[in-house]
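Peer 1: A predicted structure for the sequence below; I have some questions about it.
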Amino acid sequence: MPDSRPTSVAPEPQWRGIKLSFERPYKDDSGTRIPVLYDLTPDGERIYESCVLLLNRILLLKIA
């Protein structure tokens, strides 16, 4: 006996066509560099990568 159910296929949802990059963005839409968040203190202070590199250099100078 033939199947009486409709055979139309539903269109694929729009979100399935979105492709996301796994690489983080380095600049925002206006071309400004996005700082790299290195750490977050318990007080809520944000420490960015450039600050950490500067602190490392200062510590190295004090040791030498």
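Peer 2: Sure, I can see it.
Peer 1: residues of the helix-or-strand element of the chain with minimal mean pLDDT that come out buried?
Peer 2: The helix or strand of the chain with the poorest confidence is helix 49-63; it has a mean of 72 (mean pLDDT, DSSP states H and E). Within helix 49-63, no residue is scored as buried using 16 or more other Cβ atoms under 10 Å. Using the backbone N, CA and C atoms, a C-beta is placed for each residue, glycine as well.
Peer 1: so where do the strands sit in the protein?
Peer 2: Remark: strands assigned in the chain by DSSP state E are 37-40, 46-48.
Peer 1: quick one: the most centrally placed residue in the chain from I58, how far?
Peer 2: With distances taken as Cα atoms, centre = their mean, R24 lies nearest the centre of the chain, 4.4 Å away. According to Cβ to Cβ, to the nearest Å, R24 and I58 sit 27 Å apart.
Peer 1: V9 too?
Peer 2: 64 Å.
Peer 1: same deal with P35?
Peer 2: For P35, the distance to I58 - Cβ to Cβ - is 19 Å.
Peer 1: Also G44?
Peer 2: Applying Cβ to Cβ to G44 and I58 gives a distance of 23 Å.
Peer 1: Please apply the same query to Y38.
Peer 2: 15 Å.
Peer 1: Flag the shaky bits of this structure, pLDDT-wise.
Peer 2: Residue ranges of the chain with pLDDT under 70: 1-7, 51-52, 64.
Peer 1: again, 50 this time
Peer 2: Within the chain, no range satisfies pLDDT under 50.
Peer 1: Tell me, how many residues neighbour D29?
Peer 2: Neighbourhood size, D29 [other Cβ atoms under 10 Å]: 6.
Peer 1: just D39 next, same as before
Peer 2: 11.
Peer 1: What sits closest to it if chain neighbours are left out?
Peer 2: I47 (4.3 Å; Cβ to Cβ, 6 or more residues apart in numbering).
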